[in-house]
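Engineer: structure for the following, please:
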Amino acid sequence: MTIKQQNTPWQPEINPGTKLSDGYKTILIKRLQSLGKVLHKQNKTNTLSPKMVRKIRVGSRRLISAIKLFKQVASKKLLIKTLVRTKNLMDLFGPMRNWDVFYNACKTFNNESTLENKDLFLQGVIWANRNKFEKEAIIFMRAKAKKLASRLLKTTSKLFTTDNEPTSISFFEWSKLSLMKIVDDFKKNINTIAYSKEELHSFRLKIKFLRYGLEIIGDAIPIEKSHALYETLKKGQAILGAINDLYFHIEQITLIDNSLKNQKGNQLLQNELMKNSFLKHCQQLLETNIGLFRNWQESTTHLIEI
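Structural biologist: Numbers count the residues shown, from 1 in each chain. Predicted coordinates:
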C-alpha cells in the first residue's frame, strides 16, 4: 500500500503487471525475513522491553495475515507449520504484553493521583506478574528464537525455488477480488455486533485482518478509497484495543481484590486496595471507549462501500 511505505517493503517489486505467483511470493518472503530478523537478534537477550514484545507480536501478526490471505494460492504444505509456530509465538508474548500495558496504565494513574488515591500496592503486584512472564519469555527466546528464525529463513528459501503454477489472473486482479471478499465479511459484521467482551474482541480481529490486507493488497483499489478506510480501521482498532485492555485490567483488579479478601491478617492491604481508585478509573474509561466505538461504528459504515 503506497501510503504506508514502511509497512510495504515489497514495493516497488509489485506493480499492476506482476504475476500472481510472483506477487504472493515476494510478500510472504519479506514477511518471513522480517520476523526472522527480529528473532535472530533475541536469542541471547537478558531483558524484553515492551517495545520489543510489541515488535515481535506485530511482526507475527502481519506474517499470519499474509499466510491467511494467500492460503488459497500458496503452498499449504509449505506454510502450515510456519502459521502454527507463528501463532504460538504471538500467543506466548500475549500475557507479557497485557501486563506491560496494565503496569503502565496503573503507574500513570498513580503519578497523576493525590497521595490518598494512589494504588501503589496494586502497581507492585502488577510489576511482579509482569516480571514472571518476562522470565518465562526470556527462557523461551534463549532456547528457541534462533531455531525459529532459521525455520523462517528455510521457508523463505523454499518459496524462492517453488515452481509457479500457470494462471491467467494478475496479482492485482486477484488482490481486488480477495479484498472485496474481506470487505463483504466486514460489512456483514459491523452493524450486528453484540457489545460483549468476546464479540468486540472478535470484531477487532476482523479489523486487523482487513487493515493488514490493505497494507498487502490495498494498491488494487483506488487510493482515495483505500487511504480513508485504512485510517479509520487504525482508529477503530485502537479503540477496541483500549476496550480489551480495560476489560483485562478490571478482571485482574477484581481477582487481586478477592484474593486479598480471602487472606487473614491482611487488613492493611485490604484497606489499601479496597479504595479501588484505579478500578473506578478503568470502569469509567471503559464506558467512554465503548461510547467512542459506537460513534466510530456509525461513521465507518459508509466508508466500506468500495
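Engineer: need the single longest helix in the protein, by residues.
Structural biologist: For the chain, the longest helix by residue count, based on DSSP state H, is helix 120-161.
Engineer: show me what that helix is packed against.
Structural biologist: On a contact count with 3 or more Cβ pairs under 8 Å, 6 or more residues apart in numbering; DSSP states H and E, helix 120-161 meets helix 20-40, helix 76-112, helix 223-261, helix 267-274. Quick note: C-beta positions are derived from backbone N, CA and C, even for glycine.
Engineer: out of those, flag the one nearest Leu177.
Structural biologist: Within the helices and strands packed on helix 120-161, the stretch nearest Leu177 is helix 20-40; the backing value is 10.9 Å (Cβ to Cβ).
Engineer: pull the distance from the closest one to the chain's centre.
Structural biologist: 18 Å (Cα atoms, centre = their mean, to the nearest Å).
Engineer: stretch 142-152 now?
Structural biologist: With Cα atoms, centre = their mean as the basis, stretch 142-152 stands 21 Å off its chain's centre.
Engineer: same question for stretch 62-73.
Structural biologist: The answer for stretch 62-73 is 15 Å, by Cα atoms, centre = their mean.
Engineer: so which bits of that stretch are buried?
Structural biologist: Of the residues in stretch 62-73, Arg62, Leu63, Ile64, Ser65, Ala66, Ile67, Leu69, Phe70, Val73 count as buried by neighbour count, 16 or more other Cβ atoms under 10 Å.
Engineer: same check on stretch 278-298?
Structural biologist: For stretch 278-298, by 16+ other Cβ under 10 Å, it's Phe278, Leu279, His281, Cys282, Leu285, Leu286, Asn289, Ile290, Leu292, Phe293, Trp296.
Engineer: helix or strand for Thr300, which one?
Structural biologist: helix 277-300 (DSSP states H and E).
Engineer: contacting residues around that helix?
Structural biologist: Contacts to helix 277-300, defined as Cβ atoms under 8 Å, 6 or more residues apart in numbering, come from residues 105-106, 109-110, 113, 117-119, 122, 190-191, 193, 195, 200, 232, 235-236, 239-240, 242-243, 246-247, 249-250, 253-254, 257.
Engineer: of the residues you listed, just the buried ones, PyMOL syntax please.
Structural biologist: Buried members of the contacts of helix 277-300, defined by 16+ other Cβ under 10 Å, are picked up in PyMOL with:
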select buried, resi 105+106+109+110+118+119+122+190+200+232+236+239+240+242+243+246+247+249+250+253+257
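Engineer: tell me which element the nearest residue to Gly213 once chain neighbours are set aside is part of?
Structural biologist: Distances taken as Cβ to Cβ, 6 or more residues apart in numbering place Ile182 nearest to Gly213, at 5.2 Å, with adjacent residues excluded. Element membership for Ile182 (DSSP H and E) is helix 171-190.
Engineer: could you list every helix and strand in contact with that helix?
Structural biologist: In terms of contacts (3+ Cβ pairs under 8 Å, 6+ apart), helix 171-190 is packed against helix 20-40, helix 197-217.
Engineer: so which of those helices comes closest to Ile126?
Structural biologist: Each of the helices and strands packed on helix 171-190 has some distance to Ile126 by Cβ to Cβ; the shortest is helix 197-217, at 20.1 Å.
Engineer: go through the closest one and flag the buried ones.
Structural biologist: For helix 197-217, by 16+ other Cβ under 10 Å, it's 200, 203-204, 206-217.
Engineer: got a list of contacts for that helix?
Structural biologist: 1, 4, 7-8, 27, 61-62, 65-66, 68-69, 175-176, 178-179, 182-183, 185-186, 189-190, 193, 226, 229-230, 233-234, 236-237, 240-241, 243-244, 247, 293.
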